[in-house]
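[1] What follows is a protein structure lacking sequence information:
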């Protein structure tokens, strides 16, 4: 069978960029196959995906060489209207791809543009609503849907044109755990249909890696098409179970948790729990915090205390009150009842005074970057806090966040990953003892999460404390010393990390299910024989 | 009510409010608009509460009176005098302060009334129909352009939200707030808005929007040529009264050219519609009433009948009041009849209304 999509020696440079974003990429996608594109942020994954429907170079401009053939068309020259019939594309952010007002209008939009007859539109609409499990959403306004629901609507909307290739660019990176599961479940459903080729860029490899026919490993603009087993051996970030098998030197590598458990049977894997810093004096205390928005109770009687050396992972579904808790702690909303205490004394009232001691990093902090250099961003925070801001002070602040190489760069020219780091550094440059972070791992790749975990551990070792809201259990296990679960505005559990992430705890990690007593890879004691 | 009915109603109110300077008729139009406003549904995302609209309208009205007072005015009935500087005559007769006459205030109040009518009508339309519903009923020739406007309108609230979030993040970094903060707020919000627009444009391109074959040159030229023709026609009609037949001919020619463009544009776009809202017979009748009222008032104005014009500077006479124009103005309340009766709306519309209403706020 001839391939559905064929790229040959494609090299592409964005307009105004000195280096090519893609360098000599050659690969073939077979009809009906599921292909996973994996690699760190800014490696060229998104650019590669945009080759398939000609957004690169037709929408983005720039210089391109090499040739491409997708479903018999040349994507570098065919009009977008024609390409949309063969290649459907779903983007990262649900908000930035909705055109219509309601679910039904959104799904029929592409068909209307192509002039498809209303009876045929009706038929396809009904089939897609059923296939993606969104029948109940038909008449809803898009603005009222959750992220996971919106991404499934986006998939239905592009499938309405019955393309032969579906391309998804990190469709779950902006979603919470449940939303991501629903989207990946929908992809698995489409996979079973078999006549549609799917190329998906994704950081969550656990469920897709074992089901993929092939993996495009992307690194610094180069891409190679590999079998999943081979890819598991060479990719930089893989699921913890695969990583453990890699460290044990197993071949072939198990791709599922079940296969890993079978492969590890009989090996004596011991656990060496990570030593945690002993909690010191109390830095922050919430006493019976309650917050109401109109009639809705967002928080109800939340009490806890945070001590030096503690890193708390705050978990809970969307709408459980995590962001509201941060807002109440930082003084952005006044609680209906309860109080916040810093170092045993009542906390000051205003947000500016409170965040001097308990710095809050909200979601997507990169939105607030506006200075022309990273140094100026850091200097601004120091200026507002009345701290010295000479070159040496800026360099020290930048070193603490390992952004010292970027001091003279313009934040807008940085990669997304670098922007995330700079934005967090700018929000906390004044060195508060307590850090409050609202979903900092959202949209982060493996190396960025490791960077964040390292900063949090350093902070704890230096006697600081933090509360980090997250949906990402595996990365939370890297830094948390304690886990608080929030549901419907109430604390439902407050456990030490070792118990929360254990196999019989509320949030078992992959490693915990394989090696009793350990929750992260570094806690697994690998016998010398292995 | 169908979006087309609302558009027709707003246009009729605008035409009527601009056709007369008689405060009695304007008051009748305003009453009609307010009656409709009270009964109108509010479903669009850009719903402005009627209260906010009334406050805004009141401010506009007061402003109109205030400006008239500052400018000073001529007339026999001087109410009071505002002290003001002497402005040199070479500034073209601009006045600041000076005597305030009852005539001047009356003239300003009449202008304010007309503005209030149009403003309220637009506010009602805005709240009653979401831009997406209007889009669904847009004729094919205007569909692509309207889509861009509609999508742009929906981006606006997210930019406002960005502004709020950036302001909050500034506070979290200890920034003091105030006017000096403005660039720090506006720059990220604009950059964020631009980036969002680019991503949306990319998504629309990927879904095959707007790549329909461009219109041939001839109809586009025809549409362009109609504008100078219309301008010439208007000029001849108003300033060269002897040439009015030629003006009428030019208007007719321009209309024909536009009609040709419209036909070509409607056919050229290979766009189909999934659902079209039907226009019920009662609303067709309503549109006819709107057209009749607006055209009737315009005709009366052009022929100088019915005391439609009123000049307060002619010694503050009592404005005339005749039954026919008053009736035409009152006819602009026709949506109220439809809204009160609400003869079981079309099934699709009822379903949608119900769903939209039943949804909890996000």
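    That came through, no problem. Source: prediction; values computed, not measured.
[2] Which residue lies closest in space to residue B:143, excluding its sequence neighbours?
    With Cβ to Cβ, 6 or more residues apart in numbering or on different chains as the measure, residue B:271 is the residue that lies nearest to residue B:143, at 5.9 Å, once sequence neighbours are left out. No exception for glycine: its C-beta is placed from N, CA and C like everyone else's.
[3] Mind listing what's buried along stretch B:14-21?
    Buried positions in stretch B:14-21, judged by neighbour count with 16 or more other Cβ atoms under 10 Å in any protein chain shown: B:14-17, B:19-21.
[4] how close does the closest residue to chain A within the stretch 1-150 of chain B sit to residue A:19?
    For the stretch 1-150 of chain B, the residue positioned closest to chain A under Cβ to the nearest Cβ is residue B:132, at a distance of 3.7 Å. Residue B:132 is 42 Å from residue A:19, where distance means Cβ to Cβ, to the nearest Å.
[5] ok, the two, which is more surrounded?
    Comparing residue B:132 with residue A:19 by neighbour count (other Cβ atoms under 10 Å in any protein chain shown), the higher total belongs to residue B:132, at 21 against 9.
[6] tell me the contacts of that one?
    A:100-102, A:105, B:150, B:154 (Cβ atoms under 8 Å, 6 or more residues apart in numbering or on different chains).
[7] what's the answer for residue A:400, then?
    Under the criterion of Cβ under 8 Å, 6+ apart, the contact list for residue A:400 reads A:425, A:431.
[8] Helices of the stretch 1-150 of chain B, start to end?
    For the stretch 1-150 of chain B, applying DSSP state H, counting those that start in this stretch gives helices covering B:3-19, B:23-39, B:50-71, B:102-128, B:131-136, B:140-172.
[9] Now render the ones you listed as TSV, adding mean pLDDT and distance to residue A:449.
    Written out in TSV, the entries for these read as follows (pLDDT from 0 to 100; distance: least, Cβ to Cβ, whole Å):
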stretch	mean pLDDT	distance to residue A:449
helix B:3-19	91	49
helix B:23-39	91	54
helix B:50-71	80	46
helix B:102-128	86	46
helix B:131-136	76	39
helix B:140-172	77	22
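[10] for those helices, which one sits closest to residue A:497?
    Between residue A:497 and those, the shortest gap by Cβ to Cβ is with helix B:140-172, which sits at 27.2 Å.
[11] From the contact counts, what lies against that closest one?
    On a contact count with 3 or more Cβ pairs under 8 Å, 6 or more residues apart in numbering or on different chains; DSSP states H and E, helix B:140-172 meets helix A:351-357, strand A:358-361, helix B:131-136, helix B:182-206, helix B:244-268.
[12] Dump those to JSON lines, plus distance to residue B:161.
    As requested, the helices and strands packed on helix B:140-172 are arranged in JSON lines below (distance: least, Cβ to Cβ, whole Å):
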{"stretch": "helix A:351-357", "distance to residue B:161": "19"}
{"stretch": "strand A:358-361", "distance to residue B:161": "18"}
{"stretch": "helix B:131-136", "distance to residue B:161": "18"}
{"stretch": "helix B:182-206", "distance to residue B:161": "9"}
{"stretch": "helix B:244-268", "distance to residue B:161": "36"}
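[13] Deepest in the core, which of those is it.
    A comparison of those by mean neighbour count, using mean count of other Cβ atoms under 10 Å in any protein chain shown, puts strand A:358-361 on top with a mean of 26.
[14] any residue of that one up close to chain B?
    Yes - legend: contact between strand A:358-361 and chain B by Cβ under 8 Å from any Cβ of the partner chain is shown at A:359-361.
[15] and of those, the nearest to chain B?
    For the residues of strand A:358-361 next to chain B, the closest approach to chain B (Cβ to the nearest Cβ) belongs to residue A:360, at 5.1 Å.
[16] Beta-bridge partners for that closest one, please?
    residue A:436 (DSSP bridges).
[17] which one is residue B:133 nearest to, not counting chain neighbours?
    The spatial neighbour of residue B:133 that comes closest, neighbours along the chain excluded (Cβ to Cβ, 6+ apart), is residue B:3 at 5.2 Å.
[18] wait, isn't the one you found in contact with residue B:134?
    Yes - applying Cβ atoms under 8 Å, one finds residue B:3 in contact with residue B:134, separated by 4.6 Å.
[19] Which residues of the stretch 151-300 of chain A lie near chain B?
    Those residues of the stretch 151-300 of chain A that sit near chain B, judged by Cβ under 8 Å from any Cβ, are A:157-158, A:161.
[20] of all those, which comes closest to residue A:228?
    Minimum distance to residue A:228 across those is 25.2 Å, recorded for residue A:158 (Cβ to Cβ).
[21] residue contacts, that closest one?
    Residues in contact with residue A:158, defined by Cβ under 8 Å, 6+ apart, are A:84, A:88-90, A:110, A:166, B:206-207.
[22] That one: helix or strand, and which one exactly?
    Using DSSP states H and E, residue A:158 falls within helix A:147-159.
[23] Can you name the element that comes right after that helix?
    Next in line after helix A:147-159, if elements are assigned by DSSP H and E, sits strand A:165-169.
[24] Go ahead and name everything in contact with whichever helix or strand comes after that next one.
    Once the chain leaves strand A:165-169, the next helix or strand it forms, by DSSP H and E, is helix A:177-193. Contact partners of helix A:177-193, identified using Cβ under 8 Å, 6+ apart, comprise A:34, A:131-133, A:146-149, A:151-152, A:155, A:159, A:166, A:168, A:171-172, A:175, A:196, A:198, A:200, A:202, A:204, A:207-208, A:211, A:317-318, A:471-473.
[25] Among the residues you listed, name the buried ones.
    In terms of neighbour count (16+ other Cβ under 10 Å), the buried residues within these are A:34, A:131-132, A:146-149, A:151-152, A:155, A:159, A:166, A:168, A:171-172, A:175, A:196, A:198, A:200, A:202, A:204, A:207-208, A:211, A:471-473.
[26] ok, the residue most central in space within chain B - contacts?
    Relative to the mean C-alpha position of chain B, the nearest C-alpha, by Cα atoms, centre = their mean, is the one of residue B:122, at 5.0 Å. By Cβ under 8 Å, 6+ apart, the contact list for residue B:122 reads residue B:10.
[27] hmm, 6 Å instead?
    Residues in contact with residue B:122, defined by Cβ atoms under 6 Å, 6 or more residues apart in numbering or on different chains, are absent; none qualify.
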